[in-house]
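Visitor: quick one: sequence and predicted model below, then my questions.
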Amino acid sequence: MVFITGAVTVQAQHYACGQARHNAVQLTTSSIYSATTPGFDLNTVPEILSTSCASDKPFFFSVAVPEGSYRVSVVLGADQDSTTTVWAESRRLMIENVFVKARSSVTRSFDVNVRVPEIAGYLTHLVKLKTREVDNLDWDHKLTLEFNGEHPGVRSISIRPVEEPTIYLAGDSTVVDQDTEPWAAWGQMLPRFFRPGVVVANHAESGETIRSFVGERRLAKVLSLIHSGDYLVIQFGHNDQKPNGVSIDDYKSLLEDYIWQVRAKGATPVLVTSMHRRTFDISGKITNSLAGYPDAVRDVATAQRVALIDLNAMSKTLFESMGPDASMNAFMHYAANAFPNQTEAISDDTHFNKYGAYELARCAVHGIRKAHLPLRKLLASDRADFDPSTPDSQSTFNLPATPIPTKTINVMKIPQV
């Protein structure tokens, strides 16, 4: 079947492990990705069995595609018991810990957004990528899937373009798709909580203020793509409130400008207050380290009649429920050499690991429900609503670790670069 994506004709693509099925490309150990050939990527090749691709290590599969959104359907399973988590692009969580008994199969579908730095309508305009973003899986001209977990296994992969509502994210390092373990942010966890029919396009980037997001043409990129029926979810504040950041008055004015431009496209703006840092007082209560910026977001949301997700308020409840000690397990607190290229201890009360990012994503989803956004009808049914005062158990939480890319020089510098 042939689909049209923009001005590019794209065929639905089907790949099978082992014996090829009708209209499917057979995957073998020689199926290595190139710009013209779909295949296994990033120097990983699973074992190819009669009806599955399986491994005791993570493996990656990539296919060159144009910018756009894609429905991915995977048939999971292998000759032995397997538990598979699927990440897409730069560690966007798609499927979480799906257990399949030996010689059985389970089918799952999810939607992935692929983007490129070029801005439509301009011959020479590009998003001004930071050094860490160059060659990043979020900005290349291919769709990449990571199969991870306890003996991950897949039998077939199908990919086809779709046109559907898009949730664009604009924000900083607490929202971005962090591509390197052990860092994580809530935006990269969000896709897991939606069923097919809507796609998340996370344009957040580390170090951004509401002003620099404009100056680096990131907002222009979003506005070149956004349509009626789409959403732009906006969360800034952590960098704006720093010295030489953005004043409260300018911050409010820029928020209003974002809102105006999004509405002019027929899309829906959604404002998010920044989550607290891990700053406790002696009584075990979170203190405000974000000055008046969360209140500025609330004021603009009220004045402009924009939906508000109060992540600031929910994170206070969440972190206080964990307490000063246990909350360290949600943030970036690790002894030296806990991860490759991490030569010193990490003690960071702003950024999150996978557990903290996952809990904040659950807060954001709760906020979607509380704001009565139409998006709530597209939430996945396998996760009940979340109460920030009752966090998920830290002891049972498990998401497999993505291999750290060889280009990473120092794991400690990832969010700040």
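Guide: Yep, it's here.
Visitor: which element, helix or strand, includes the spatially most central residue of the chain?
Guide: The centroid of the chain falls nearest to residue 188 when counting by Cα atoms, centre = their mean (1.8 Å). Take DSSP states H and E as the rule and residue 188 turns out to sit in helix 186-189.
Visitor: would you map the helices across this structure?
Guide: 186-189, 212-215, 218-225, 248-264, 293-304, 311-326, 354-370 (DSSP state H).
Visitor: tell me the most buried of these?
Guide: Of these, the one with the most neighbours on average (mean count of other Cβ atoms under 10 Å) is helix 186-189, at a mean of 29. Placement of C-beta: from N, CA and C, glycine included.
Visitor: centre of the chain versus that helix, how much separation?
Guide: Mean-position distance between helix 186-189 and its chain equals 4 Å (Cα atoms, centre = their mean, to the nearest Å).
Visitor: could I get the pLDDT score of residue 23?
Guide: Looking at residue 23, its pLDDT is 85.
Visitor: the residue nearest to the centre of the chain: what's it in contact with?
Guide: Applying Cβ atoms under 8 Å, 6 or more residues apart in numbering, one finds that residue 188 lies in contact with 90-93, 176-178, 202, 357.
Visitor: again, only this time at 7 Å
Guide: With contact taken as Cβ atoms under 7 Å, 6 or more residues apart in numbering, residue 188 is in contact with 91-93, 177-178, 202, 357.
Visitor: run a quick neighbour tally on the residue nearest to it when sequence neighbours are not counted.
Guide: Spatial nearest neighbour of residue 188, chain neighbours left out: residue 177 (4.3 Å); criterion: Cβ to Cβ, 6 or more residues apart in numbering. Other residues near residue 177 come to 26 when the count uses other Cβ atoms under 10 Å.
Visitor: got it, and residue 165?
Guide: Residue 165 has 18 neighbours, counted by other Cβ under 10 Å.
Visitor: tell me the pLDDT of it.
Guide: Per-residue pLDDT puts residue 165 at 98.
Visitor: and the one 5 residues further on, by the same measure?
Guide: Reading off the per-residue confidence, residue 170 sits at a pLDDT of 98.
Visitor: quick one: contacts for the residue nearest to it when sequence neighbours are not counted?
Guide: Leaving aside its sequence neighbours, residue 170 sits nearest to residue 234 (Cβ to Cβ, 6+ apart; 4.9 Å). Shown here is residue 234, whose contacts under the criterion Cβ under 7 Å, 6+ apart are 170, 258, 269-272.
Visitor: what about the residues you listed, which one has the most neighbours?
Guide: Of all the contacts of residue 234, the most densely surrounded is residue 272 (28 neighbours; neighbours counted as other Cβ under 10 Å).
Visitor: mind checking pLDDT for it?
Guide: The score at residue 272 is 99. That number is its pLDDT.
Visitor: need the contact list for the closest residue to residue 237 other than its chain neighbours.
Guide: Nearest non-adjacent residue to residue 237, counting by Cβ to Cβ, 6+ apart: residue 274, 3.6 Å away. Residues in contact with residue 274 (Cβ under 7 Å, 6+ apart) are 174, 235, 237-238, 290, 293-294, 311-312.
Visitor: between those residues, which sits nearest residue 333?
Guide: Nearest to residue 333 out of those is residue 174 (Cβ to Cβ; 15.9 Å).
Visitor: surely the closest one touches residue 239?
Guide: No. Look at residue 174 against residue 239 with Cβ atoms under 7 Å: they stay out of range, at 9.8 Å.
Visitor: so which of these two has more stuff around it?
Guide: residue 174 (30 against 22).
Visitor: gap between the closest residue in space to that one that isn't next to it in sequence and residue 311?
Guide: In space, and not counting its chain neighbours, residue 174 is closest to residue 185: 5.3 Å by Cβ to Cβ, 6+ apart. Residue 185 sits 12 Å away from residue 311, going by Cβ to Cβ, to the nearest Å.
Visitor: just to revisit the earlier point, farthest-apart pair in the contacts of residue 234, please.
Guide: So, the contacts of residue 234 by Cβ to Cβ: farthest apart are 258 and 272, at 12.1 Å.
Visitor: before we move on, the earlier item: so which of the contacts of residue 234 belong to strands?
Guide: If you go by DSSP state E, the contacts of residue 234 have 170, 269-272 in strands.
Visitor: distance to residue 110 for these - can I get that in JSON lines?
Guide: Listed next are these as JSON lines, based on distance: Cβ to Cβ, whole Å:
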{"residue": "170", "distance to residue 110": "22"}
{"residue": "269", "distance to residue 110": "25"}
{"residue": "270", "distance to residue 110": "22"}
{"residue": "271", "distance to residue 110": "27"}
{"residue": "272", "distance to residue 110": "23"}
